[in-house]
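Enquirer: please work out how this folds:
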Amino acid sequence: MLAPLLLGCPPPVVGSPCNHGDVEPPESKLVTFPALSCDQLLCVYADEEEPPTITGGCNDDAICNPDGGEKFECFKRDPNMSGDCQLRIDYVLERSMCSKKCSSDNDCKDGGPTKKVVVDDSKCATGFKCARIQSFGKFCCEKLCVCNDDLGVTADLDNKCSSNSQEGCCVDALGTLLEPLPEACGKP
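Expert: So this is what the prediction gives:
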């Protein structure tokens with residue numbers, strides 16, 4: 001009797017691995033829509049750590065990862081010249097996860113057997129939070145489910161979005177409210 005009820009439940013959508021298609025490694029956060037591998041068509045890379053700037057450039061990946069990790073790589077446009085540190089595309093793909101729009105942290109958490117939101121095998125260790133991560137573009141000021149592992153401080157963006165002062169989203173470069181005002185603006 002329980003099996004038919006469980007079959008009618010929507011599958012979990014948050015935390016599945018996804019990719020952003022054919023893109024260069026971003027400098028930081030990235031939201032891709034439509035991401036066909038995600039039920040809600042949203043793929044999020046939310047880490048905001050920027051690649052180190054090495055005076056004189058880099059010659060190998062190790063100098064770009066002083067902590068011994070493999071997050072950054074030394075990218076050389078010319079093999080005979082020094083390069084610049086950038087995110088490894090493999091790292092971006094490892095940390096990119098399906099997401100969905102939300103209004104509170106509860107929208108990003110499981111709520112029992114009939115409200116399964118997060119996939120079981122997610123690479124997110126600390127759970128998901130409903131947060132704004134985009135300060136421009138299609139998802140500017142939108143709240144999305146984002147992995148706490150990758151989430152930095154978003155208070156400034158939250159304040160600007162809820163007070164209708166985020167340039168490029170709620171106001172233009174002169175500070176004039178956009179018409180029509182995006183739905184995500186003006187909401188705490």
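
Enquirer: P17 contacts V92, correct?
Expert: No: applying Cβ atoms under 8 Å, one finds P17 not in contact with V92, separated by 11.4 Å. Using the backbone N, CA and C atoms, a C-beta is placed for each residue, glycine as well.

Enquirer: point to the helix or strand of this structure where mean pLDDT is at its lowest.
Expert: Ranking every helix and strand in the chain by mean pLDDT, DSSP states H and E puts helix 2-7 at the bottom, with a mean of 45.

Enquirer: what residues sit buried inside stretch 157-176?
Expert: By neighbour count on 16 or more other Cβ atoms under 10 Å, the buried set for stretch 157-176 is L157, D158, K160, C161, S162, N164, Q166, C169, C170, V171.

Enquirer: hmm, which two among these are most spread apart?
Expert: Pairwise distances across these peak at 15.8 Å for D158 and V171 (criterion: Cβ to Cβ).

Enquirer: which parts of the protein are strands?
Expert: With DSSP state E as the criterion, the chain has strands at 30-32, 42-45, 72-75, 84-87, 97-99, 128-132, 143-147.

Enquirer: switch those over to CSV; also include distance to P66 and mean neighbour count.
Expert: Below are these laid out as CSV (distance: least, Cβ to Cβ, whole Å; neighbours: other Cβ atoms under 10 Å):
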stretch, distance to P66, mean neighbour count
strand 30-32, 24, 22
strand 42-45, 22, 26
strand 72-75, 10, 21
strand 84-87, 10, 20
strand 97-99, 26, 27
strand 128-132, 28, 22
strand 143-147, 24, 26
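
Enquirer: got TSV for these, with distance to I54 and mean pLDDT too?
Expert: Below are the strands of the chain laid out as TSV (distance: least, Cβ to Cβ, whole Å; pLDDT from 0 to 100):
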stretch	distance to I54	mean pLDDT
strand 30-32	23	86
strand 42-45	23	92
strand 72-75	8	93
strand 84-87	6	92
strand 97-99	30	93
strand 128-132	31	93
strand 143-147	28	93
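
Enquirer: can you redo those as a markdown table with distance to P12?
Expert: Below are the strands of the chain laid out as a markdown table (distance: least, Cβ to Cβ, whole Å):
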| stretch | distance to P12 |
| --- | --- |
| strand 30-32 | 19 |
| strand 42-45 | 14 |
| strand 72-75 | 31 |
| strand 84-87 | 27 |
| strand 97-99 | 9 |
| strand 128-132 | 11 |
| strand 143-147 | 11 |
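
Enquirer: out of these, the one nearest V13 is which?
Expert: Taking those one by one with Cβ to Cβ, strand 97-99 is closest: 5.9 Å.
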